[in-house]
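> I'd like to go over a predicted model; first the sequence, then the structure.
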Amino acid sequence: MTDGLAKAVGAFGKQLPRSSPTLWNIGYHKEYYWDGRSQSLEKQALTAWTGANMGAKADEIAAKLNALQGYRAQFQKVFDSGATPDSIVKSIAAFERTIISGNTAWDRAHAGEQSALNESATRGWNIFQAIKCNNCHDGVLFTDLQYHNVGIGMEPGPTRGGAL
């Protein structure tokens, strides 16, 4: 679940420097953003929502939500108050934690069901392993949850630390 674009588009059509990461299984991660600079989904949501990605004014959005009876009532029920920037990002993060993959052909194959992957997918998986993609993209989340400098975006030359 991502936008499929090479680089994400933020507020007012501004192209952002990186692609949008997937939200599938994001609740299992411990750090967020491509460089891990956020330690919680709530902090990531607030930064993305109010920063360059979306450029929202959190207090204005909270006031608009509180002006809608249904939203005000739900925030009151869950948080014992109307919508606030804090309760809004808690709601976003709670929703994101529900986006969980499961019972896919890959999940079934990984659990031992020999016939779960079709011939094409099996060939793809064999190539994936042969070229060592699974050194980092492994396990049920297809990640080792680490950060790796693979040289993309690095400029060779003396100003960037020498040739690659």
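Looks like it arrived, so ask away.
> Least confident secondary structure element in the protein?
Ranking every helix and strand in the chain by mean pLDDT, DSSP states H and E puts helix 105-110 at the bottom, with a mean of 88.
> Sort out which residues of that helix are buried, please.
If you call a residue buried by 16 or more other CB atoms under 10 Å, then helix 105-110 has these buried ones: A109. Bear in mind the C-beta positions are built from the backbone N, C-alpha and C, glycine included.
> How about stretch 109-128?
Buried-residue list, stretch 109-128, by 16+ other CB under 10 Å: A109, A116, L117.
> Throw the residues you listed into TSV and include distance to G13, thanks.
Output for these, formatted as TSV (distance: CB to CB, whole Å):
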residue	distance to G13
A109	41
A116	41
L117	40
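> How about residues contacting the least confident helix or strand of the chain?
For helix 105-110, contacts defined as CB atoms under 8 Å, 6 or more residues apart in numbering pick out S101, A116, L117, N118, A121, W125, V140.
> who touches the nearest residue to K90 once chain neighbours are set aside in this structure?
Spatial nearest neighbour of K90, excluding adjacent residues (CB to CB, 6 or more residues apart in numbering): E42 at 5.9 Å. Counting by CB under 8 Å, 6+ apart, E42 makes contact with V89, K90, I92, A93.
> Identify, from those, the entry nearest to V9.
V9 lies nearest to I92 out of those, by CB to CB, at 18.9 Å.
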